[in-house]
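1. Model the structure of this input:
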Amino acid sequence: MTSAEGLRVERDEAAGVAVVTLDRPDRHNAIDLATAARLSAVWRELRFDDTVRAVVVTGAGDKAFCTGVDRAVDVPQPPSPYAIDDPLIAIGPKANDLWKPVIAAVNGMACGGAFYLLGEAEFLVADERATFFDPHTTYGMVSAYESIAMAQRMPFGEVARMSLLGTAERMSAARAHQIGLVSEVTPDGGALAAAVECARTVAGYPPGAVEGTVRAVWAAKEAARTQALAHAPHLIALGNLPPEQQAGLFGKRAGGFRLR
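-> Residues are numbered from 1 along each chain as shown. Predicted structure coming up:
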C-alpha cells in the first residue's frame with residue numbers, strides 16, 4: 001500500500017486489482033491541489049503497471065465519497081477572461097489516458113467536483129445511504145464540467161434538475177439506480193466490497209479484450225463529450241460570480257434539503 005497527499009493506493013497483485021482511496025475524511029474527501037496532482041500521477045502510474053488490470057476508486061470514511069474541490073484552496077487564475085485554471089480538470093482516469101476499467105464505490109455524499117471522477121468511471125456501485133447533488137448554482141457558480149459529465153450518464157431532465165436545484169435537493173442511491181447513474185445499490189457499507197468483486201471478475205479476463213471494450217464504449221459518446229467540454233471554460237468565465245461573492249453565499253448556507 002502507498003499513501004501520500006490525501007490518497008491511498010492498495011494493490012492486490014494476485015487479483016490484478018488496485019483500490020484508489022481519497023483519504024481526507026476530515027474534509028469530506030474534498031480535493032486540494034496536492035491531492036489533485038497525486039490523483040493525476042496515480043492514474044498515469046497505473047497505465048504502466050501490468051499487475052493492475054482493473055481499478056476501484058472510493059472515499060475514506062462513511063460520510064462522503066468526495067465533495068469536490070476543497071473550498072480552503074486558493075486557486076490562482078490568469079488575468080485573462082479567455083482562460084480559466086481548473087484544479088480538477090485532470091483528476092480523472094480518462095483525462096490521464098488510463099483505459100483500464102475503473103469502478104467507483106460511492107459511500108456517503110458525492111457532489112460537485114466528485115463528478116469529474118464519477119464521470120470517467122465505467123460504472124458506479126453505491127451504498128444505500130449514498131447521495132448525489134450539485135451545489136454550483138446555489139453558490140453563484142456555473143455547473144459546466146460536472147453537468148456535462150453527468151449528461152453522459154443520466155437522462156437530460158435528471159441532469160438539469162440536479163444541476164439547477166443545487167443544495168435544495170439530493171438524489172438518493174435508490175433514485176440514482178432507477179435512472180441508470182448507479183448500476184448496483186448495496187446495504188450500508190457494502191459498496192467497496194461489491195465494486196472490488198466486480199473488478200476482480202473483470203481483471204480475470206484477457207486485458208486486451210477488456211481495454212478494447214472500454215475504448216469502444218467511450219467511442220460511442222466521445223465526440224459529443226469533447227464538443228460540449230470545449231464550451232465549458234467560456235460558460236464558467238461568463239456566469240460565475242466573483243470569488244468574494246461566492247464566499248458570501250457559502251457563509252449563508254441553507255441547512256435544509258429534500259432527498260429524492
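
2. What ranges does this protein have for its helices?
-> Across the chain, reading from the start of the chain, the helices by DSSP state H fall at 33-47, 114-118, 145-151, 156-165, 173-178, 191-203, 207-219, 222-239, 243-250.

3. so which of those helices gets nearest Val125?
-> When the helices of the chain are compared by Cβ to Cβ, helix 191-203 sits nearest Val125, at 4.4 Å. For glycine as for every other residue, the C-beta is placed from the backbone atoms N, C-alpha and C.

4. who are the neighbours of that closest one, in terms of helices and strands?
-> Helix 191-203 makes packing contacts with strand 17-22, strand 54-59, strand 102-106, strand 123-127, strand 184-186 when contacts are defined by 3 or more Cβ pairs under 8 Å, 6 or more residues apart in numbering; DSSP states H and E.

5. 6 Å instead?
-> Applying 3 or more Cβ pairs under 6 Å, 6 or more residues apart in numbering; DSSP states H and E, one finds that helix 191-203 contacts strand 17-22, strand 54-59, strand 102-106, strand 123-127.

6. so how many other residues sit close to Thr201?
-> Here the number of neighbours of Thr201 (other Cβ atoms under 10 Å) works out to 12.

7. Below-threshold pLDDT in the stretch 51-200 of the chain: ranges please.
-> Low-confidence regions of the stretch 51-200 of the chain, defined by pLDDT under 70, span residues 81-83.

8. Now for Val17: which residues touch it?
-> 54, 199-200, 203 (Cβ atoms under 6 Å, 6 or more residues apart in numbering).

9. Just flag the most distant two among these.
-> Greatest spatial distance in the contacts of Val17: Ala54 and Arg200, 7.4 Å, computed using Cβ to Cβ.

10. okay, now the nearest residue to Lys221 once chain neighbours are set aside: neighbour count?
-> For Lys221, the nearest residue in space outside its immediate sequence neighbours is Gln152; the separation is 5.5 Å by Cβ to Cβ, 6 or more residues apart in numbering. Residue neighbour count, defined by other Cβ under 10 Å, stands at 16 for Gln152.

11. again, but for Leu22
-> Summarising burial for Leu22: neighbours were counted as other Cβ under 10 Å, giving 28.

12. And it, how close does it get to Ala247?
-> Taking Cβ to Cβ, to the nearest Å as the measure, Leu22 and Ala247 are separated by 24 Å.

13. cool, and Gly189?
-> Remark: distance between Gly189 and Ala247 (Cβ to Cβ) = 35 Å.

14. Please tell me how far the residue lying closest to Trp218 once chain neighbours are set aside sits from Gly59.
-> In space, and not counting its chain neighbours, Trp218 is closest to Lys94: 7.1 Å by Cβ to Cβ, 6+ apart. Between Lys94 and Gly59 the distance, using Cβ to Cβ, works out to 19 Å.

15. Of these two, which one has the most company?
-> Neighbours were tallied for Lys94 and for Gly59 using other Cβ under 10 Å; the higher tally belongs to Gly59 (28 against 17).

16. How about the contacts made by that one?
-> Counting by Cβ under 6 Å, 6+ apart, Gly59 makes contact with 22, 29, 65-66, 107.

17. For it, which residues count as its bridge partners?
-> Assessed by DSSP bridges, Gly59 has beta-bridge partners Leu22.
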